[in-house]
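Asks: I would like to see how this sequence folds:
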Amino acid sequence: MNVFFEESGDFKVGTVLSQAGEAYQVELASGKRSKVKSKDVLIQFDKPEPEALLAAAKGIAAEVDLDFLWEVAGQEEFGFAELGLEYFGHAPLPSEAAGLVLALHAAPIYFHKKGRGRYKAAPEQTLKAALAGIEKKKQQAIVQAGYVDELKAGKLPQSMQAIVQQLLFKPDKNTIEYKALEAAASELQTTAPRLMLNTGGLASPKELHMSRFLFEHFPRGAGFPTVEVPKAPGDLPLADVAAFSIDDVTTTEIDDAMSVVWLDDGTVQVGIHIAAPGLGIRPDDAIDKIARARMSTVYMPGDKITMLPDEVVDAFTLSEGKDCPALSLYAVLNPADWSVVSTTTRAERVPIKRNLRLNELDAIVTEEALNEGSGEYEHKKELGLLWQWALHLEAGRMKKREAFGLKPEQANRVDFNFYVEDDVVSIVRRKRGAPLDKIVAELMIFANSTWGKLLHDSGVPGIYRSQGPGAGGWNAKIQVRMVTHAAPHQGLGVDQYAWSTSPLRRYTDLVNQWQILACASHGVTAPLVAPFKHRDATLFSIVSAFDAAYAAYNDFQQNMERYWCLRWLGQENAKQVDAVVLKEDVVRLVEIPLVARLAGMPQLARGAQVRLDIVRWDEVDLSLEARLLEVAAVAPDASLELEEEEEGDTGEAALAEVVEAEGVVAAVTTEDGVEVPANAGTA
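Replies: Below you'll find the model as predicted:
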């Protein structure tokens with residue numbers, strides 16, 4: 001005897017060898033023997049042979065008219081043998097019965113299984129809905145196949161043109177557009193972003209990187225809504241100074257300026273003047289909400305996304321020829337020993353006489369010229385005095401750094417400025433610690449430290465940058481963190497450091513400006529009127545949100561700098577380049593801040609110069625492949641000395657850090673020293 005039975009959702013046939021109670025010992029065609037319970041046996045038969053019956057059953061199942069079968073079945077539950085009698089018009093043969101079982105089992109949208117060999121026809125509405133769904137899937141499959149063909153032919157389907165970014169960065173994986181994109185990319189052995197570039201969905205790798213960043217951080221676009229430009233109070237006193245700023249030629253958000261006045265008693269008054277949008281913008285107003293959502297200006301070579309609308313920046317930036325609202329810190333100095341006799345903070349209008357530009361003065365205002373008093377340039381006398389005070393301030397910070405157990409800063413490294421015009425990039429080397437940089441850096445550090453102390457002494461909370469034992473412990477590598485109370489910044493060598501000198505570009509500085517204005521205007525009652533109080537939940541949330549946004553913006557800037565470095569290689573047709581060893585198998589090109597990892601490179605001294613053969617680079621994944629040609633017979637590059645990893649010496653302490661993972665730009669210039677990032681290349 002042979003049996004047709006169900007096992008684990010599958011139908012099988014075999015020959016019965018023996019029976020013991022409610023179970024059969026069955027031998028399959030493969031020779032395998034199986035124990036089959038009698039309840040799982042649907043058909044017993046003698047002829048034909050088991051395999052012949054199964055083959056015939058499959059043929060019959062394929063020919064069954066499911067629509068007719070459904071009509072015949074009615075709406076009551078039935079057994080397959082009963083339905084077979086109606087469908088075939090006679091008691092079904094074993095092969096017909098088995099074929100009917102296979103057909104019923106393979107059509108769950110027509111027939112719902114109720115038990116072994118028992119089924120019930122699906123309700124009419126349910127069946128219609130299921131058939132419509134199947135038809136829809138068939139049509140979608142046809143459309144999807146058409147999309148795949150178009151993509152493979154280098155054409156972007158029309159339905160994808162409006163959703164390119166969504167498909168790449170946040171796709172709905174159930175859509176036929178996404179499935180087609182993935183299928184085409186797989187068949188072409190490429191990636192979805194590259195396929196979008198090949199089909200014109202994206203114009204260039206630059207657009208890919210920009211689009212990814214904007215999609216995540218500016219989903220509604222980088223533009224601004226129409227806003228009413230706030231105004232500073234009309235009764236601000238006019239300062240009796242002639243202030244000037246020092247910035248890169250591309251800087252438009254001019255946050256800081258300085259002035260020097262020689263007093264009759266032989267002392268000197270140095271003014272540090274900071275743009276004061278806090279005099280017009282108020283917490284929780286429309287512009288504040290815009291700034292708080294963005295947290296910072298985003299920099300990239302050749303472009304930027306400002307924190308504030310252009311019209312608001314224009315109203316408060318320290319433009320030459322204007323009397324600009326400013327928060328001023330005046331320090332009266334004794335030139336004999338450069339001691340600070342007194343400091344005063346006040347809000348006022350400051351006449352900005354000149355916006356000096358680094359590209360015009362760098363070659364003239366050298367360390368030698370300042371020390372010797374040689375050369376002719378604007379504000380020569382003021383810059384000469386500020387240079388001497390900056391050196392004194394730096395020496396004081398270095399002494400305090402040493403007291404914290406850190407080595408003095410070294411300023412022998414090279415920065416790189418990026419300038420992009422009409423998609424042509426210029427990357428200009430610039431030695432860190434140039435006199436004008438140092439003047440600005442030291443004055444801003446002085447202002448941020450002094451105002452941080454003012455907030456602390458007034459009992460008003462602020463947002464501080466801290467680097468010390470509380471940020472990691474003496475046995476750990478100390479990281480910079482943001483806190484709402486005064487704490488030392490060991491790397492900079494100051495007792496407290498509150499970002500306050502870039503309120504047009506950083507939201508933390510705008511918050512601190514509101515707090516400082518309260519201290520300057522209200523004295524001992526400042527804690528009562530300051531916008532943010534101690535343990536203010538909003539202040540904590542601002543710190544957290546700023547940290548996240550600032551880190552993301554910095555990563556994006558580094559990626560875009562790396563992109564433009566790779567573009568520079570093609571633009572300059574660079575085949576062989578010089579590089580220096582940063583560490584182990586990591587090197588940095590000499591002419592541009594591009595880092596690469598050379599697998600298998602022999603052990604070389606840090607700073608050793610090498611010659612590389614550029615094999616290939618990829619502007620999509622920002623990778624560089626090169627091979628070592630030769631090791632130059634020259635002394636190690638001294639400019640790498642500052643990049644040594646010191647315990648507890650990270651972040652702004654060295655004004656840079658080397659990120660040694662391949663794919664990240666080598667030098668990341670922070671904003672604590674130079675108020676506009678030295679490598680921002682802003683427009």
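Asks: Tell me which other helices or strands the longest helix along the chain touches.
Replies: Across the chain, the longest stretch assigned as helix under DSSP state H is helix 537-571. The elements that helix 537-571 packs onto, with contact taken as 3 or more Cβ pairs under 8 Å, 6 or more residues apart in numbering; DSSP states H and E, are helix 205-217, helix 286-294, strand 298-300, strand 414-421, strand 424-431, strand 481-483, helix 507-522, strand 609-618. The way it works is simple: take the backbone N, C-alpha and C, and place the C-beta from them, glycine included.
Asks: what angle sits between it and helix 205-217?
Replies: 170 degrees (axes from the mean of the first three to the mean of the last three Cα atoms, to 10 degrees).
Asks: And the helix or strand following helix 537-571, what's buried?
Replies: Once the chain leaves helix 537-571, the next helix or strand it forms, by DSSP states H and E, is strand 576-583. Going by neighbour count (16 or more other Cβ atoms under 10 Å), the buried part of strand 576-583 is Val577, Ala579, Val580, Val581, Leu582.
Asks: Parallel or antiparallel, list what pairs with whichever helix or strand comes after strand 576-583.
Replies: For strand 576-583, the following helix or strand on the C-terminal side (DSSP H and E) is strand 586-589. Note on strand 586-589: by DSSP bridges, its sheet partners are strand 576-583 (antiparallel), strand 595-597 (antiparallel).
Asks: Now the longest helix of the chain: average pLDDT?
Replies: For helix 537-571, the mean pLDDT works out to 94.
Asks: now the angle from it to helix 507-522?
Replies: Using the same axes, to 10 degrees: helix 537-571 against helix 507-522 is 140 degrees.
Asks: Pull out the buried residues from helix 537-571.
Replies: 539, 542-543, 546, 549-550, 552-554, 556-569.
Asks: do stretch 375-384 as well
Replies: His379, Lys380, Glu382, Leu383, Gly384.
Asks: what about the stretch 551-683 of the chain, any weak spots by pLDDT?
Replies: 634-683 (pLDDT under 70).
Asks: again, only using 50
Replies: For the stretch 551-683 of the chain, applying pLDDT under 50 flags the ranges 641-683.
Asks: now the chain
Replies: 470-476, 641-683.
Asks: Now do the top strand by length along it and helix 507-522, the angle between them.
Replies: Counting residues, the longest strand in the chain under DSSP state E turns out to be strand 339-357. Our comparison of strand 339-357 with helix 507-522, counting by the same axes, to 10 degrees, yields an angle of 130 degrees.
Asks: I figured Glu253 was touching Asp314, is that so?
Replies: No. In this structure, Glu253 is not within contact of Asp314 by Cβ atoms under 8 Å, at 9.8 Å.
Asks: got the contact list for the most centrally placed residue in the chain?
Replies: For the chain, the residue nearest the mean C-alpha position is Ala552 (3.9 Å; Cα atoms, centre = their mean). Ala552 makes contact with Glu216, His217 under the criterion Cβ atoms under 8 Å, 6 or more residues apart in numbering.
Asks: Give me the buried positions along stretch 359-372.
Replies: Here stretch 359-372 shows Leu361, Val365, Thr366, Ala369, Leu370 as buried, counting by 16+ other Cβ under 10 Å.
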